[in-house]
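Participant: kindly return the folded structure for what I paste below:
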Amino acid sequence: MKMNKIVAVVGPTGSGKTAWAKILAQKFGGKVISADSRQIYQGMDIGTGKDKTFPQDLIDIVLPTQTFSVAEYQKKANVLINQYLQDGSLPILVGGTGLYIDAVLYNYIIPNLQKDSLQLRQSLEKLSDKLLVQKLKKIDPASAAKIDLKNRRRVIRALEVATLSKKSFVGLRKKGEPKYKFLILGIKTDRQTLYAKIDARIDQMIKDGLVEEVRGLLKKYRPDLPALNTIGYKEIIDYLNGGMFLKEAIAKIKTNTHAYVRRQETWFRRDENIKWVSSIAEAEKLIRKFLRS
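Facilitator: Alright, predicted model coming up:
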């Protein structure tokens, strides 16, 4: 029944994806594979909201100093999925990084420019966010119009691809024949309720030691690393550098997270294959139907 079938649970930050995946994995003999572009980093636990109360693959797999591409994620996820399918387990992809999810489910054919990219990437990482966006708009306007321009890593990757391949980053993102039959479950959320939940979660992160976590990371790593230039970390770094009060940093994390949620919702709304559900019971019903079909 599970042969060549996988389930994905998607939705914006704070929607409860991981908690659902934990329940669904227990119910259906599943194995959870994280699809979160920040939870891949070791030592970045509190600010990324990692749940380590149950087994998840593809979290804590690289250091903040290391780069990790969508192609690498796709490759690692495919290896795990095939392994779990052979074992008779149900692979469950869970996360809010839509590009990771789509690369696996829709079998994106991604150009491998890794070997040629290092020197170029190092030079691009020295540029400000504003200059990177200006550069992308000039050499690859199609990608600048489609990707999240506030995602520094994505902008740098688009510039790498456009510079080295002489083709548009979004134009090269072609789909192959899907490798699996899949069911995508999206968690339906009311935005204002979600914002309140996110704000409470950020307050809890502060209580749990986010400032101390960032302080510890800065003892090991440069503050300008792309991994640390993300929501929750960059604001606390500004606070620790004297750029703002802690209260201001917390408010900024909340505002930036709300904006990120809106971008995630825009991404997922484009996919007509997502089945939007409001309860875990609805999700279970759809999975049972999917596995019987």
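Participant: may I have stretch 209-223 as PDB, with CA atoms only?
Facilitator: Provided in PDB are the C-alpha atoms of stretch 209-223 (Å, rounded to 0.1, in the frame of the first residue of the first chain):
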ATOM      1  CA  GLY A 209      17.800  31.100  25.800                       C
ATOM      2  CA  LEU A 210      17.900  32.400  22.300                       C
ATOM      3  CA  VAL A 211      20.200  35.300  23.200                       C
ATOM      4  CA  GLU A 212      22.600  32.800  24.900                       C
ATOM      5  CA  GLU A 213      22.400  30.500  21.800                       C
ATOM      6  CA  VAL A 214      23.400  33.400  19.500                       C
ATOM      7  CA  ARG A 215      26.200  34.500  21.900                       C
ATOM      8  CA  GLY A 216      27.600  31.000  21.800                       C
ATOM      9  CA  LEU A 217      27.400  30.900  18.000                       C
ATOM     10  CA  LEU A 218      29.300  34.200  17.800                       C
ATOM     11  CA  LYS A 219      32.200  32.700  19.800                       C
ATOM     12  CA  LYS A 220      32.600  30.100  17.100                       C
ATOM     13  CA  TYR A 221      31.500  31.800  13.900                       C
ATOM     14  CA  ARG A 222      31.600  35.100  12.000                       C
ATOM     15  CA  PRO A 223      28.400  37.200  12.400                       C
END
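Participant: hmm, who's touching it?
Facilitator: Residues outside stretch 209-223 that contact it (C-beta atoms under 8 Å, 6 or more residues apart in numbering) are 43-47, 64-65, 227-228, 232-233, 236-237, 239-241, 246. Where C-beta positions appear, they are placed from N, C-alpha and C, glycine not excepted.
Participant: check which helix or strand covers the closest residue to L132 other than its chain neighbours.
Facilitator: Excluding its sequence neighbours, the residue lying closest to L132 (C-beta to C-beta, 6 or more residues apart in numbering) is V155, at 4.9 Å. Taking DSSP states H and E as the criterion, V155 maps to helix 152-165.
Participant: so which other helices or strands are in contact with that helix?
Facilitator: When contacts are defined as 3 or more C-beta pairs under 8 Å, 6 or more residues apart in numbering; DSSP states H and E, helix 152-165 packs onto helix 114-124, helix 129-139, helix 141-146.
Participant: which one of these is the most hemmed in?
Facilitator: Per residue and on average, the most neighbours among those fall to helix 141-146, with a mean of 16 (mean count of other C-beta atoms under 10 Å).
Participant: domain ranges for this structure, per the record?
Facilitator: Domain assignment for the chain by automatic domain parsing gives 111-172, 191-262.
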